[in-house]
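Peer 1: Let me see the structure of the following:
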Amino acid sequence: MSAPKGTPEAVVNEPAPPEPTSRRLWGGRFGGRTSPLLEDLNRSLPVDRRLWREDIEGSRAWVQALLWAGVLDGDEAQRLDQGLVRVAARIGAGAAEGAEDEDIHSLVERLLYEEVGEVAGKLHTGRSRNDQVATDTRLWTLRAGARLTADLRGLQRTLIDRAAETVDLIMPAYTHLRRGQPIRVAHWLLSYFWAFERDLDRLRDALDRVAELPLGSGAIAGSAFPIDRTLLKELLGFQSISPNSIDAIGDRDWVCEVVFVAALIGSHLSRLAEDLIIFSTDEFGFVTLPEAFTTGSSLMPQKRNPDGLELARGKAARLVGDVAAALALLKGLPAGYQKDLQEDKSLLFGAVDALALVVPVTRDTVAGLVFNEDALARAVDDTAILATDLADALVRHGTPFREAHGAIGRLLRRAEDEGVPVHALPESVLQEIHPALPAVLGRPLTPERSVEARGLAGGTGRKAVLDQIDAARAALGRAVAAGSRASRHAPCPDP
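Peer 2: Numbering: from 1, shown residues only. Next up is the predicted model:
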């Protein structure tokens, strides 16, 4: 017996109203409405809406491929192409705001129906959301890679400029966060230039694999229509065509690679940030951070906190976690497309967004650093930091290095025990420690002499550092020239 009218059971047993087909690219096989709970879980438009430019671009290329395949006539192709241009203008003007469509592909198709009518139904011929989203995301990533490359090149340029300004400043180099040997400030700055240069090499290598066209792979088995994939490749600016349709729609290795590269960039930014945080403390006082990139305390009026640099460290932690998440997303999937892969874009977008914030802040922080020459000079005015040079001097007097190392260690220990500088120890004590010590200590050893003694390529001698600056500038020049010739995927802003 049916429940009385108006009871909850009656509501449940009534047939669900059909779901509006204007917001779905599927549904003919279904008789009822999808659960609102699943709709909320399944809906990706809030994330993938930023792919709208790439979705329009890929769809316009697909129109041309359908025209060449004989699926569309010239009038239909022109109407669809012009309609897609108008859809792009509408989305650019805010049509995605508040839209309830399932994803960016559904939104574009709905708006296209509004613009050109029933001919819009021909656009999806031979195409699946599986190869469509893979194409869109790869296109977006190529553009994001171009933006990130430009940002990192800007940071590198700043590091070179600051190195050229500080080539005559000397600072301690640290191992285990203990003073090791004197180096030039420029040498320290350039150490990060080369780290970011490796990052850019890795990014370029990863983007080469991103630039493989999946469009034409269909849902899993390829397209049943004679689509010219070479035409698509050329229209969209890809470098190659995917060789296997199953692999093409399920491949997200490139997402893992790009997220890993982002994490490594983040780690290098974090190390630079940590150096600057330490060097700018009152206890070190080597640098003063630009006020515009510090913040205050809500309680302590004197504070000037390095929040930008601290957030660089924090973002790096999240980026490292994203690498594990990207790998875990893939590791249990069978071949082909699975809905799990919808989560790839959150990881990819998040990694790129984090670096888009951190890199410019780091660049401008480095540009505004003020180096405290007095504090730097005091930090290297210490015989202990020249201990390796003293051992080297003994070696030049014919002492085996291991013996020299031990002798200088005993010398420093004796001075420490007696609470006097090394040069204040009596000659008899020096003779006792090692017969050549009086002669070695008779010639003043300075931080300037120490750095100049290390003039080999890659060292901290003045000429070596100037050569390194020239090499860095040359590397930057070659990269910029190559970048201007390499890719049609110029950076574009996100909505």
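Peer 1: Beyond the helix or strand containing E76, next helix or strand please.
Peer 2: According to DSSP states H and E, E76 maps onto helix 74-92. Counting by DSSP H and E, the element after helix 74-92 in chain order, helix or strand, is helix 104-116.
Peer 1: average pLDDT for that following helix?
Peer 2: Averaging pLDDT along helix 104-116 gives 95.
Peer 1: begin at 8 from here
Peer 2: OK, 8 is where the count begins now, so the last one is helix 111-123.
Peer 1: What would that helix look like as CSV? C-alpha coordinates only.
Peer 2: Extracted as CSV, the C-alpha positions of helix 111-123 are listed here (Å, rounded to 0.1, in the frame of the first residue of the first chain):
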residue,chain,number,x,y,z
ILE,A,111,34.5,23.6,-18.0
HIS,A,112,33.7,21.4,-21.0
SER,A,113,29.9,21.3,-20.1
LEU,A,114,30.0,25.1,-19.6
VAL,A,115,31.6,25.8,-23.0
GLU,A,116,29.2,23.4,-24.8
ARG,A,117,26.1,24.9,-23.1
LEU,A,118,27.2,28.5,-24.0
LEU,A,119,28.0,27.3,-27.6
TYR,A,120,24.4,26.0,-27.9
GLU,A,121,23.2,29.4,-26.8
GLU,A,122,25.3,31.0,-29.5
VAL,A,123,24.9,28.8,-32.5
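Peer 1: helices and strands around it, which ones?
Peer 2: Judged by 3 or more C-beta pairs under 8 Å, 6 or more residues apart in numbering; DSSP states H and E, the packing partners of helix 111-123 are helix 52-55, helix 59-75, helix 81-99, helix 136-172. Glycine gets a C-beta too; all of them are placed from N, C-alpha and C.
Peer 1: switch to 6 Å and redo it
Peer 2: Judged by 3 or more C-beta pairs under 6 Å, 6 or more residues apart in numbering; DSSP states H and E, helix 111-123 is in contact with helix 59-75, helix 81-99.
Peer 1: For the longest one, buried residues please.
Peer 2: This means helix 81-99. For helix 81-99, burial by neighbour count (16 or more other C-beta atoms under 10 Å) applies to E83, A84, R86, L87, D88, G90, L91, V94, A95, R97, I98.
Peer 1: now do stretch 41-55
Peer 2: Using 16+ other C-beta under 10 Å as the test for burial, stretch 41-55 gives R50, S51, L52, V54, D55.
Peer 1: Show the contacting residues for the third one.
Peer 2: The contact partners of L52, by C-beta atoms under 6 Å, 6 or more residues apart in numbering, come to D108, D110.
Peer 1: the strands in this protein, which residues?
Peer 2: Counting by DSSP state E, the segments of the chain that form strands are 177-182, 185-191, 219-220, 247-248, 294-295, 377-378.
Peer 1: Please identify the most buried of those strands.
Peer 2: strand 219-220 (a mean of 23; mean count of other C-beta atoms under 10 Å).
Peer 1: Please compute how far it lies from its chain's middle.
Peer 2: How far strand 219-220 lies from its chain's middle: 22 Å, per C-alpha atoms, centre = their mean, to the nearest Å.
Peer 1: elements contacting it?
Peer 2: Counting contacts by 3+ C-beta pairs under 6 Å, 6+ apart, strand 219-220 is packed against no other helix or strand.
Peer 1: Surely R136 is in contact with I111?
Peer 2: No - applying C-beta atoms under 6 Å, one finds R136 not in contact with I111, separated by 9.8 Å.
Peer 1: Any stretches of the chain with poor pLDDT?
Peer 2: Within the chain, the stretches with pLDDT under 70 are 8-39, 45, 47, 49, 491-502.
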